[in-house]
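# I'll drop the sequence and a predicted model, then ask my questions.
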Amino acid sequence: MQYDPIKNRINAMITYSASFRRFFFWLLDMLLLRQSYIKRAISKYFKRDEDFRFYDAGAGFCQYSYYILKRYSHARVFATDLKKDYLQKFAGFARAYFGDRFHYQEADLQVFVPKLHYDLVLAIDILEHIEDDRAVLKNFYSCMNPGAKLIISTPSDLDEAAKFTAEHVRPGYNKQELEDKLNDAGFILRESSYSYGKYGALAWRLLMKYPLQMLAQSKLALAILPIYYLFVYPVAFVLNKLDLANHNAQGTGLFVVAEKA
């Protein structure tokens with residue numbers, strides 16, 4: 001399945017107004033379990049009044065840049081992506097609400113190393129798109145301060161859907177493989193676990209897979225989805241909370257926090 005055309009349409013829609021963009025970011029928080037994993041980890045390692053530099057690598061819609069800018073008033077944010085238009089649109093939004101705390105650059109992570117050094121780097125659902133992932137990890141390491149954190153969320157090799165995503169160069173990661181590549185790049189592992197275990201995977205099917213299948217069958221499903229979510233969301237919310245609270249023996253996602261020595 002190709003997701004880029006869908007993403008391009010969404011990006012065009014959310015540029016109409018700041019309210020559309022904020023509403024879309026709120027929807028992502030409501031529907032995507034990985035958002036909770038990521039924000040929980042950031043809150044664990046960074047205090048709200050902390051002054052730090054954040055590198056949003058492969059930022060996409062820049063929802064994590066928005067989260068850091070909004071929650072951490074002293075943080076400065078730098079974002080990269082191959083889609084320069086996504087970055088430009090968000091930069092216009094960010095200037096209006098957060099001044100000059102956001103900067104960006106179009107970049108290929110396989111060769112790009114930022115000039116500055118950072119305290120937090122996020123790589124969310126990007127490594128599975130990149131052929132030379134070892135080069136990317138080394139580039140991250142080079143631009144991080146000692147003690148800085150790298151947070152990674154990526155599909156595992158247990159995710160069947162990842163095998164049919166057109167933009168992926170690999171069908172998810174083996175957990176040990178990703179850990180070994182991080183160690184080879186010089187990182188110390190702080191957290192490494194499966195996400196989207198049995199509870200989270202079921203919630204994902206209820207919140208994302210089945211609605212998308214309905215929309216693929218007919219656009220009339222848009223009229224049905226609000227009623228569908230009214231009944232389904234409370235169940236999925238509990239399932240996601242269970243996924244966060246449990247140690248997953250396996251799962252369709254991998255969540256890793258690594259540190260520069």
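Perfect, thanks for sending it.

# pLDDT wise, what is Ala221 at?
Note on Ala221: pLDDT of 82.

# meant to ask about Asp159
Asp159 is given a pLDDT of 68.

# what's the lowest-mean-pLDDT helix or strand in the chain packed up against?
Sorting the helices and strands of the chain by mean pLDDT, DSSP states H and E puts helix 4-14 at the bottom, at a mean of 82. Applying 3 or more CB pairs under 8 Å, 6 or more residues apart in numbering; DSSP states H and E, one finds that helix 4-14 makes contact with helix 18-31, helix 84-98. Yep, even glycine has a C-beta here, placed from its N, CA and C like the rest.

# where does the stretch 101-250 of the chain have low pLDDT?
159-168 (pLDDT under 70).

# surely Leu254 is within a strand?
Yes: applying DSSP: H, G, I helix; E, B strand; the rest coil, one finds Leu254 inside a strand.

# that one and Ile151 touch, don't they?
No: between Leu254 and Ile151 there is no contact under CB atoms under 8 Å: 11.5 Å.

# re the thing from before, next, the angle from the least confident helix or strand of the chain to helix 18-31.
With axes from the mean of the first three to the mean of the last three CA atoms, to 10 degrees defining the directions, helix 4-14 sits at 130 degrees from helix 18-31.

# which of Leu254 and Ile151 has more neighbours?
Leu254 (27 against 21; other CB atoms under 10 Å).

# beta partners of the more buried one?
Thr154, Tyr194 (DSSP bridges).

# any chance of JSON lines for the helices and strands packed on helix 4-14, columns distance to Gln217 and mean pLDDT?
Putting these into JSON lines (distance: least, CB to CB, whole Å; pLDDT from 0 to 100) gives the following:
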{"stretch": "helix 18-31", "distance to Gln217": "20", "mean pLDDT": "96"}
{"stretch": "helix 84-98", "distance to Gln217": "29", "mean pLDDT": "96"}
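
# looking at these, which is buried most?
Of all these, helix 84-98 carries the top mean neighbour count, a mean of 17, counting by mean count of other CB atoms under 10 Å.

# pull the CA atoms of that one into PDB?
What follows is helix 84-98 as a C-alpha-only set of coordinates in PDB (Å, rounded to 0.1, in the frame of the first residue of the first chain):
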ATOM      1  CA  LYS A  84      10.600  20.400   2.100                       C
ATOM      2  CA  ASP A  85       7.000  21.600   1.500                       C
ATOM      3  CA  TYR A  86       5.900  19.800   4.700                       C
ATOM      4  CA  LEU A  87       8.700  21.600   6.700                       C
ATOM      5  CA  GLN A  88       8.000  25.000   5.100                       C
ATOM      6  CA  LYS A  89       4.300  24.800   5.900                       C
ATOM      7  CA  PHE A  90       4.900  23.900   9.500                       C
ATOM      8  CA  ALA A  91       7.600  26.600   9.800                       C
ATOM      9  CA  GLY A  92       5.100  29.300   8.900                       C
ATOM     10  CA  PHE A  93       2.700  27.900  11.600                       C
ATOM     11  CA  ALA A  94       5.500  27.700  14.200                       C
ATOM     12  CA  ARG A  95       6.800  31.200  13.600                       C
ATOM     13  CA  ALA A  96       3.300  32.600  14.400                       C
ATOM     14  CA  TYR A  97       3.100  30.800  17.700                       C
ATOM     15  CA  PHE A  98       6.600  30.000  18.900                       C
END
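
# pretty sure His74 contacts Asp51?
Yes: assessed by CB under 8 Å, His74 is found in contact with Asp51 at 4.1 Å.

# wait, which of the helices and strands packed on helix 4-14 is closest to Tyr228?
Tyr228 sits nearest to helix 18-31 of all the helices and strands packed on helix 4-14, at 12.6 Å, using CB to CB.

# other SSEs contacting the helix or strand just after the closest one?
Following helix 18-31 in sequence order, the next helix or strand is helix 33-45 (DSSP states H and E). Packing partners of helix 33-45 (3+ CB pairs under 8 Å, 6+ apart): helix 18-31, helix 63-71, strand 118-124, strand 144-155, strand 187-195, helix 198-204, helix 221-245, strand 253-260.
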